[in-house]
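>>> My questions are about this predicted structure, shown below with the sequence.
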Protein chains: 2
Amino acid sequence: MSERYFEDLKVGDRFKSDSYRVSEEQIISFAREFDPQPFHLDRVIADKTIFGGLIASGWHTAAITMRLFVKTLNFAEGAIGLGVDELRWPNAVKPNDSLQVEVEIVDLRESRSKPTHGVVRLRYVTMNHRGEIVQTMFASALVPRRTG
Amino acid sequence: MSERYFEDLKVGDRFKSDSYRVSEEQIISFAREFDPQPFHLDRVIADKTIFGGLIASGWHTAAITMRLFVKTLNFAEGAIGLGVDELRWPNAVKPNDSLQVEVEIVDLRESRSKPTHGVVRLRYVTMNHRGEIVQTMFASALVPRRTG
């Protein structure tokens, strides 16, 4: 797939990622390193919580969303994250869920501080294979200009 | 350390975590799985970018912040993340940086939907060992009440 630049984007463009399946082992391994709480670590304990089963850390869902975004948009030299707003996890990710991300370009402007780059405002929606929304967020990123 | 409940918190309370040192290998390994962009993956390529060297994914910084938060606050049954606002990365995390998180309780209220829990609003500031701020955010979490 060809590399993308700031000039290739239009407000309203939407991009849909491939799917990513997350296993119970991956959920537990991420949680052990970064979010060691009972409902992310142990199936037997998780069954007795309000979730009724093992769920992924929201930060694991966010990291998978980033992976899918990077591979889908494929910016030349990469996209530099400036910040994230309104990150929400309306439904939990469970073992063997397949996740897919849809990204919409909501704003585009030239960078005042870095004339070689533009600033993109994006809206992300991450869904599981049952069509339930597992994450939403807005993010801003610095991406390279072709004419930089 | 004893487990914490909603009733143990007061608005204005501050908690400081231990330190967590992140290696070049950990930065590359996280990026390979979740944020495969050149400035997170390859030291030689990263030297030529605007960062002038390898930097950690912002999502890796966020995940380390969660780890430090979970171990510092130690809520009974765990804290359930409801959402995050104004997540920013003012400085990049570099190999061998030691990170530390300070968390402030900014609001406390009973949960309308889950009388066994309370809702905590938190402000997080993550710093490196040079005293530079690498991440700031607000987050809300559901935590268990002792009298639930």
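It's in. Since this is a predicted model, take the numbers as computed values, not measurements. Numbers count the residues shown, from 1 in each chain, chains lettered A, B, ... in the order given.
>>> Strands of chain A, start to end?
A:14-16, A:20-21, A:80-88, A:98-110, A:117-127, A:133-144 (DSSP state E).
>>> Redo these as TSV? Include mean neighbour count and distance to A:P38.
From N, CA and C alone the C-beta is placed, and that goes for glycine too. Below are those laid out as TSV (neighbours: other Cβ atoms under 10 Å in any protein chain shown; distance: least, Cβ to Cβ, whole Å):
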stretch	mean neighbour count	distance to A:P38
strand A:14-16	13	35
strand A:20-21	14	24
strand A:80-88	19	22
strand A:98-110	16	23
strand A:117-127	20	24
strand A:133-144	20	20
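>>> OK, contacts around the nearest residue to A:R21 once chain neighbours are set aside?
Nearest residue to A:R21, sequence neighbours excluded (Cβ to Cβ, 6 or more residues apart in numbering or on different chains): A:S98, at 4.6 Å. For A:S98, the contact set (Cβ atoms under 8 Å, 6 or more residues apart in numbering or on different chains) comprises A:19-22, A:128-129.
>>> same check, this time on A:A76
Each residue near A:A76 by Cβ under 8 Å, 6+ apart is listed here: A:3-5, A:144, A:146.
>>> residues in chain A within reach of chain B, list them.
Residues of chain A lying close to chain B by Cβ under 8 Å from any Cβ of the partner chain are A:30, A:33-40, A:49-50, A:57-59, A:62-64, A:66-67, A:70-71, A:77-89, A:114.
>>> and if we set it to 7 Å?
Contacts of chain A with chain B, taken as Cβ under 7 Å from any Cβ of the partner chain, map to A:34-39, A:49, A:58-59, A:62-64, A:66-67, A:70, A:77-78, A:81, A:83-89.
>>> In the helix or strand bottoming out on mean pLDDT in chain A, which residues are buried?
When the helices and strands of chain A are compared on mean pLDDT, DSSP states H and E, helix A:43-47 comes out lowest with a mean of 90. Under the neighbour-count criterion of 16 or more other Cβ atoms under 10 Å in any protein chain shown, helix A:43-47 has A:A46 buried.
>>> Packing partners of that helix?
If contacts are counted by 3 or more Cβ pairs under 7 Å, 6 or more residues apart in numbering or on different chains; DSSP states H and E, helix A:43-47 sits against helix A:38-41.
>>> Residues in contact with the helix it packs on: which ones?
A:27-28, A:31-32, A:45-46, A:49, A:51, A:54-57, B:77-78 (Cβ atoms under 7 Å, 6 or more residues apart in numbering or on different chains).
>>> what's the single longest helix in chain A?
helix A:58-73 (DSSP state H).
>>> Extract the C-alpha trace of it and format it as CSV.
The C-alpha coordinates for helix A:58-73 follow below in CSV (Å, rounded to 0.1, in the frame of the first residue of the first chain):
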residue,chain,number,x,y,z
GLY,A,58,-9.2,-0.3,28.3
TRP,A,59,-5.5,0.6,27.6
HIS,A,60,-5.2,-2.7,25.7
THR,A,61,-8.2,-1.8,23.6
ALA,A,62,-6.6,1.6,23.0
ALA,A,63,-3.3,0.0,22.0
ILE,A,64,-5.0,-2.4,19.6
THR,A,65,-6.9,0.6,18.1
MET,A,66,-3.6,2.4,17.5
ARG,A,67,-2.1,-0.7,15.8
LEU,A,68,-5.1,-0.9,13.4
PHE,A,69,-5.0,2.8,12.7
VAL,A,70,-1.2,2.8,11.9
LYS,A,71,-1.6,-0.1,9.5
THR,A,72,-4.7,1.4,7.8
LEU,A,73,-3.6,5.0,7.3
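>>> what's it in contact with?
Under Cβ under 7 Å, 6+ apart, the answer for helix A:58-73 is A:4, A:15, A:17-18, A:20, A:22, A:27, A:30, A:34-35, A:79, A:87, A:89, A:93, A:99, A:101, A:103, A:124, A:126, A:134-135, B:34-37, B:59, B:62-63, B:66, B:81.
>>> Next one, pLDDT for the residue nearest to the spatial centre of chain A please.
With the centre of chain A defined as its mean C-alpha position, the nearest residue by Cα atoms, centre = their mean is A:T65, 2.2 Å away. Note on A:T65: pLDDT of 98.
>>> OK, contacts around the nearest residue to it once chain neighbours are set aside?
With Cβ to Cβ, 6+ apart as the criterion, A:T65 has its nearest non-adjacent residue at 4.8 Å, and that residue is A:T126. Under the criterion of Cβ under 7 Å, 6+ apart, the neighbours of A:T126 are A:61, A:65, A:99, A:101, A:134-135.
>>> what do you get for A:S23?
Counting by Cβ under 7 Å, 6+ apart, A:S23 touches A:95-96.
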